[in-house]
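Enquirer: Provided below are the primary sequence and the corresponding predicted coordinates.
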Amino acid sequence: MSREIILIGGNSFAGNTILPHLVDQFDKIHIVCRNNVERAHNPKVQIHITDDLASDLVRQSLTNCSAGLYFASATTPATSASDPVLELEANVKPLVDFLHVLQEKHDFTLIYVSSGGT
């Protein structure tokens with residue numbers, strides 16, 4: 001059976017740092033991000049561009065995944081403190097949307113890493 005993982009926020013510093021380790025450990029890595037960046041082609045890595053974490057694209061990406069890493073963040077602690085509504089819209093709502101999608105999965109492990117703003 002194929003070992004697959006989903007990486008939400010794969011263009012972040014943490015996402016880019018952990019990606020080489022995931023390539024060594026998994027058969028396929030689904031990276032979900034808001035925009036694409038140039039990266040070396042790797043047949044194990046599939047990039048999905050979306051800002052809707054409840055989309056069919058995300059659901060399809062999760063089909064064979066048994067685990068996920070959540071590194072997505074649109075704010076910093078400074079902007080989060082100065083604009084809590086932005087924090088709710090940009091970080092909390094997408095996370096809650098993704099958690100709703102995960103309710104359809106069984107035996108799934110999610111590691112959530114906070115930017116310190118959420």
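Expert: The structure has been received and is ready for your questions. Note that the coordinates shown come from a computational prediction; the quantities given were computed from them, not determined experimentally.

Enquirer: contacts, neighbours, all on C-alpha from now
Expert: Fine.

Enquirer: export only the CA atoms of stretch 9-19, formatted as CSV.
Expert: Presented in CSV, the C-alpha positions along stretch 9-19 are these (Å, rounded to 0.1, in the frame of the first residue of the first chain):
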residue,chain,number,x,y,z
GLY,A,9,1.2,25.3,3.7
GLY,A,10,3.9,23.6,1.8
ASN,A,11,5.4,26.9,0.6
SER,A,12,6.1,28.0,4.1
PHE,A,13,9.6,28.0,5.7
ALA,A,14,8.7,25.0,7.8
GLY,A,15,7.0,23.2,4.8
ASN,A,16,10.0,23.7,2.6
THR,A,17,12.4,22.6,5.4
ILE,A,18,10.5,19.3,6.1
LEU,A,19,9.8,18.4,2.5
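
Enquirer: what packs against the helix or strand encompassing Leu95?
Expert: Secondary structure assigned from DSSP states H and E places Leu95 in helix 93-102. Using 3 or more Cα pairs under 8 Å, 6 or more residues apart in numbering; DSSP states H and E as the contact definition, helix 93-102 packs against no other helix or strand.

Enquirer: mind listing what's buried along whatever helix or strand comes next after that helix?
Expert: Scanning forward in sequence from helix 93-102, with DSSP H and E defining helices and strands, the next element found is strand 109-112. For strand 109-112, the neighbour count (16 or more other Cα atoms under 10 Å) marks Leu110 as buried.

Enquirer: strand 109-112: partners in the sheet, and parallel or antiparallel?
Expert: Using DSSP bridges, the strands paired with strand 109-112 in its sheet are strand 65-70 (parallel).

Enquirer: how far off centre is the strand it pairs with?
Expert: Relative to its chain's centre, strand 65-70 lies at 8 Å (Cα atoms, centre = their mean, to the nearest Å).

Enquirer: so what's Ser61 closest to, chain neighbours aside?
Expert: Ranked by Cα to Cα, 6 or more residues apart in numbering and with sequence neighbours excluded, the top spatial neighbour of Ser61 is His30, at 6.4 Å.
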